[in-house]
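Engineer: Sharing a sequence plus its predicted fold:
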Amino acid sequence: MWPDNETDIDLLGFDFLVDGLVIALSEPRLLPLTVGVLGDWGSGKSSLMGLAYATLSAEAESEAEDRYVCVRFSPWQYEDYEDVKAALMAAVLTRLAAEAAGDISQVEEVGRLRAFVRGFGRRSRRVARGSVGLLPTAVPAITGMIDPSLDPAMLALAQQGVQAATANVADRLAEPAPAPPPDDAVADVEDFRARFADLIEALDHVAAVVVFIDDLDRCLPETVVDTFEAIRLLLGAPHTAFVVAANQKIVEAAVDARYPDLRADDRAHGIGAQYLEKMFQLKITVPALSIPEAVTYVNLLLAELHLGEGDFAKVRQHVASERATHNLEVAFNLGTLGDVAVATPPALVADLQWAAAIAPVLAAGSRGNPRQIKQFLNTLQLRRRSAQRRGVTLDPAVLAKLMLLESQRFDDFQQLFDWQVGSGGPSCPQLAAAERSVLPGDGSDTANATAEPAATAAEGPASSARPRSKARKAVAAPLDDDVREWAAPEPVQAWLRLPPRLATVDLRPYFTYSRDRLSLAAVAAARLSGAQQRLLSLLLASTDTVRRAGLDGLTQTDPSDREPVVDALAQALLTTPEDAFVAVCETIDRIDATHDVLLRALDRLPSTAVPVLHVAVAVRRLPADDPRTVALLDKWAGSGRDGLAKMVGIARQGPARPAR
């Protein structure tokens, strides 16, 4: 599996972006400089900055002079604990203290600058202490709000409590008066700016101080603005650069939220966009991965998983040379693996085979977002390894294809699950029919035809090992309206065309690992024909006229077709009793043949789940002379639920049920 962190190894092909950033940061004529590295969440901003940081740090280590002092800072890590402006400036000064270690005067100057920065926090507390001075006048006002009609003893106690609380606050906020500052202390912000610039100039061996700021788009609006204010405070110094990674829209919205009354123009737009235009002298936008780039990225992640460090370095070197001349083509896949002199594990070959099928669709569905691609592959690996711990083998090609449908068209995935469960066995006739309707050489008008035995086995490495004689035949259901509608959208048809074919695969083990999202509520209906499902839908309607139309239809239905609907209605009662309770009672009243199934379902329903509001009327529909009804009402009356017991009493006192 792969960590979701920034990296100093370029798997995304961002070397051209890194080069541009490093060139800008190392150009003395551009300094001081603020660069915005802009892109969506998960687009690779942090990785790009990490690569630039590693490049500049490596150059610093390789040269005796003109070193780049690099500082990493995340305001998000500080916003709940201390002043972000002070934290950013302190981080820069701490790094400069290490650079000035050989010069005692420079070290002392850094100490004076750090003392001024620490005063930021004290000044914030001083503002709070200013309000303490108002407490003597506030106490009478607060105590005056206490009801004077209270018992005199209670009134005195309340007044003492207010005075004690305010005194405690004053004690907590009060600090000894600060000692007079030394003569060489930093006087104010302008003095700080000038002396900070002098310090940078005095560090002859430092070419530039480069501060990399990440996670800004995770912060609250106040933190975003405070960070930019700290940058502006330090930015006037020579040989300084700030690189800020952010989602531009998020940061603009944060600035607008911080200054809601300021407008950029007469059209009442916020100032966020103009604010960033003034802050960033240079912008580098991280593009979404194209499909070939995403395919290369997926293949590199899989190669990293299976190859040793040395062999993987050879693969990266090969990919870098390919990208230099063919940047918008797939730079690494199974076909080019032979061009690299590395031992190829069979597991890597197998993974690259299924990746070749799903990577283009995954890239399109994730909009070329590296984080989403990596999360998909991590989830796939997690499910495979979890299954292995239980002694279950999941074909990665089958798993990847199913996960694509799950991640990109979940409603269609839920429908496929319902059909699989409703089939009552390992095969899914509806899926077989859908596959035959779109795959070349299979006519959609061929009902009840069998899929080719080796259709799936020929596609995946795990499945191909199965003997053809043992391949299971899946009988395709007729292409009824439900299947036709499900398979009609082009994305579903494209998914059906992806290898491997799934009609002959037992998908039940695969669905196990998606049960956190899948619902079983529709499974009862999954076993029904289209007409039966529509009848069940009418029965579960909240409108009386619609529900009773469903009852009329159920009454007229042939008993063999009625039984599955009644079973589904009983299951609906045990999953969504609010929706099914009235329909169950009315069905019992209308159709005697349903008594066994539906009265048993009512008895299984926990008393705590009985919808009380419907009991008084609906229960009168139950056969009063049936011992099961008497026992059921006795159980509900003695359940300990006062409301339920009251409604049962009302139902028993009411008139006899109306004629059917």
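Structural biologist: That came in fine, so what should we check first? Numbers count the residues shown, from 1 in each chain.
Engineer: Check for me that Val565 belongs to a helix.
Structural biologist: Yes - residue state for Val565 (DSSP: H, G, I helix; E, B strand; the rest coil) corresponds to a helix.
Engineer: burial measure for it, as a count.
Structural biologist: Residues within reach of Val565, counting by other C-beta atoms under 10 Å, total 25. Glycine gets a C-beta too; all of them are placed from N, C-alpha and C.
Engineer: And it, how far from Arg534?
Structural biologist: 10 Å (C-beta to C-beta, to the nearest Å).
Engineer: My guess is Asn299 contacts Val349. True?
Structural biologist: No - taking contacts as C-beta atoms under 8 Å, Asn299 lies outside contact range of Val349: 11.6 Å.
Engineer: With neighbour numbers in mind, choose between those two.
Structural biologist: Remark: of Asn299 and Val349, Asn299 carries more neighbours, 26 against 13, as counted by other C-beta under 10 Å.
Engineer: Any idea which helix or strand in this structure has the lowest mean pLDDT?
Structural biologist: Within the chain, no helix or strand scores below helix 461-464, which has a mean of 36 by mean pLDDT, DSSP states H and E.
Engineer: contact partners of the helix or strand following that one?
Structural biologist: Counting by DSSP states H and E, the element after helix 461-464 in chain order, helix or strand, is helix 481-487. Helix 481-487 is contacted by residues 412, 415, 430, 433-434, 437-438, 477, 492-493, 496, 530, 533 when judged by C-beta atoms under 8 Å, 6 or more residues apart in numbering.
Engineer: Recalculate using a threshold of 7 Å.
Structural biologist: Helix 481-487 has contacts (C-beta atoms under 7 Å, 6 or more residues apart in numbering) with Asp412, Gln415, Gln430, Ala433, Ala434, Ser437, Val438, Ala477, Val492, Gln493, Leu496, Gly530.
Engineer: taking these one by one, which sit in helices?
Structural biologist: Of the contacts of helix 481-487, the ones assigned to helices by DSSP state H are Asp412, Gln415, Gln430, Ala433, Ala434, Ser437, Val438, Val492, Gln493, Leu496, Gly530.
Engineer: Next, count neighbours for Pro559.
Structural biologist: Pro559: 9 neighbours (other C-beta under 10 Å).
Engineer: Wasn't Phe417 part of a helix?
Structural biologist: Yes - assigned with three-state DSSP, Phe417 falls within a helix.
Engineer: mind listing what it touches?
Structural biologist: Phe511, Leu518.
Engineer: and stretch 279-296, which residues are buried?
Structural biologist: 279-282, 284, 286, 288-296 (16 or more other C-beta atoms under 10 Å).
Engineer: Where do the domain boundaries of this structure fall?
Structural biologist: 19-97+202-285, 290-392, 414-519, 528-653 (automatic domain parsing).
Engineer: which one of the ones you listed lies closest to Glu406?
Structural biologist: Taking C-beta to C-beta, domain 414-519 is the member of those nearest to Glu406, at 5.8 Å.
Engineer: Tell me, how many residues neighbour Leu633?
Structural biologist: Neighbour number of Leu633 under other C-beta under 10 Å is 19.
Engineer: no wait, Ala580
Structural biologist: 25.
Engineer: quick check, it in a helix?
Structural biologist: Yes - assessed by three-state DSSP, Ala580 belongs to a helix.
Engineer: Please name the residues that touch it.
Structural biologist: Counted by C-beta under 7 Å, 6+ apart, Ala580 has contacts Leu540, Leu569, Ala572, Leu573.
Engineer: Which parts of the stretch 151-300 of the chain are strands?
Structural biologist: Here the stretch 151-300 of the chain has its strands, by DSSP state E, counting those that start in this stretch, at 206-213, 240-246, 282-285.
Engineer: and the longest one, what other elements does it pack with?
Structural biologist: What it means is strand 206-213. Helices and strands touching strand 206-213, by 3 or more C-beta pairs under 7 Å, 6 or more residues apart in numbering; DSSP states H and E, are helix 45-62, strand 67-73, helix 84-99, strand 240-246.
Engineer: ok, and the closest non-adjacent residue to Ala208?
Structural biologist: His239 (4.7 Å; C-beta to C-beta, 6 or more residues apart in numbering).
Engineer: what's the distance between the one you found and Arg600?
Structural biologist: According to C-beta to C-beta, His239 stands 83 Å off from Arg600.
Engineer: neighbour-wise, which of those two wins?
Structural biologist: His239 (19 against 12).
Engineer: Where does pLDDT dip in the stretch 151-300 of the chain?
Structural biologist: 151-184, 263-269 (pLDDT under 70).
Engineer: isn't Pro564 right next to Leu528, touching?
Structural biologist: Yes - checked against C-beta atoms under 7 Å, the pair Pro564 and Leu528 is within contact range at 5.6 Å.
Engineer: got a list of what Pro491 touches?
Structural biologist: Counting by C-beta under 7 Å, 6+ apart, the residues that Pro491 touches are Arg409.
Engineer: what's the spacing between it and Leu404?
Structural biologist: 10 Å.
Engineer: again, but for Ala257
Structural biologist: In terms of C-beta to C-beta, Ala257 sits 37 Å off from Leu404.
Engineer: Please say which of those two ends up with more neighbours.
Structural biologist: Neighbours per residue (other C-beta under 10 Å) separate Ala257 from Leu404, with Leu404 holding more: 21 against 15.
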